[in-house]
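Trainee: Sequence isn't available, so here's the structure alone:
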């Protein structure tokens with residue numbers, strides 16, 4: 001299990017008064033149809049903060065997709081982009097043992113102490129790579145973050161594995177360095 005989720009689970013008793021197993025048992029008795037119904041129940045009945053309530057409901061669900069499934073779903077119909085994704089992943093994981101790759105429903109976050117990169121198959125022919133870079137100017141290739149909003153400061157559009165080059169590697173290394 002991803003380290004962040006494990007830390008959250010370990011902290012549940014101290015922060016919410018119950019372990020994950022206890023919360024799961026409670027939610028199973030209620031059998032909510034919708035995610036937000038269960039979240040609102042925990043908030044209203046037990047005073048759990050929104051973040052913890054949302055996490056408890058998510059972790060209690062039997063429908064959590066595996067990380068590999070999340071990535072496979074992102075690239076369904078966009079398989080031509082997989083060589084770009086795989087090259088990025090190999091490069092990023094080579095930066096150090098402290099790099100964590102966290103697949104989500106539509107993106108893959110790359111985290112050191114904080115997220116420093118975000119990989120998103122934007123179209124059938126393009127990956128958008130978001131970067132967190134402080135005080136780095138935009139260029140013709142290193143664009144404004146665009147659809148990533150505040151999650152990233154910059155974005156690079158990639159259409160071929162060959163575009164994962166020395167220039168991009170330097171930007172990624174700088175984002176990694178800044179995320180300590």
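Mentor: Nice, I can see it. The shown structure was predicted, so the numbers you read here are calculated from the model rather than taken from an experiment.
Trainee: ok, the residue nearest to the spatial centre of the chain to residue 116 distance?
Mentor: A centroid search over the chain (Cα atoms, centre = their mean) returns residue 109, at 3.7 Å, as the residue closest to the centre. Distance of residue 109 to residue 116, computed by Cβ to Cβ, to the nearest Å: 9 Å. C-beta: built from backbone N, CA, C; applies to glycine.
Trainee: number of nearby residues for the closest residue to residue 129 other than its chain neighbours?
Mentor: The spatial neighbour of residue 129 that comes closest, neighbours along the chain excluded (Cβ to Cβ, 6 or more residues apart in numbering), is residue 156 at 4.7 Å. The local packing count at residue 156 equals 20, with neighbours defined by other Cβ atoms under 10 Å.
Trainee: what residues are up against residue 158?
Mentor: Residue 158 makes contacts with 84, 88, 126-129, 164, 168, as judged by Cβ atoms under 8 Å, 6 or more residues apart in numbering.
Trainee: What separation do you get for the residue nearest to the centre of the chain and residue 39?
Mentor: For residue 109, the distance to residue 39 equals 22 Å [Cβ to Cβ].
Trainee: and the longest strand along the chain, what other elements does it pack with?
Mentor: Secondary structure of the chain read by DSSP state E shows that its longest strand is strand 115-123. Using 3 or more Cβ pairs under 8 Å, 6 or more residues apart in numbering; DSSP states H and E as the contact definition, the elements that strand 115-123 packs against are helix 82-93, strand 108-111, strand 126-131, helix 166-178.
Trainee: and the next helix or strand after the first one, what other elements does it pack with?
Mentor: Right, helix 82-93. Per DSSP states H and E, the first helix or strand lying C-terminal to helix 82-93 is strand 100-103. Identification of packing neighbours for strand 100-103 by 3+ Cβ pairs under 8 Å, 6+ apart yields helix 3-16, helix 67-74, helix 82-93, strand 108-111.
Trainee: how about the second one: buried residues?
Mentor: What it means is helix 67-74. If you call a residue buried by 16 or more other Cβ atoms under 10 Å, then helix 67-74 has these buried ones: 70-71, 74.
Trainee: now swap in the third one and tell me
Mentor: Judged by neighbour count using 16+ other Cβ under 10 Å, the buried positions of helix 82-93 are 82, 84-85, 87-89, 92.
Trainee: Okay, now the sheet partners of the strand or helix carrying the residue nearest to residue 129, with direction.
Mentor: For residue 156, the enclosing helix or strand under DSSP H and E is strand 154-158. Within its sheet, and counting by DSSP bridges, strand 154-158 is paired with strand 126-131 (antiparallel), strand 143-144 (antiparallel).
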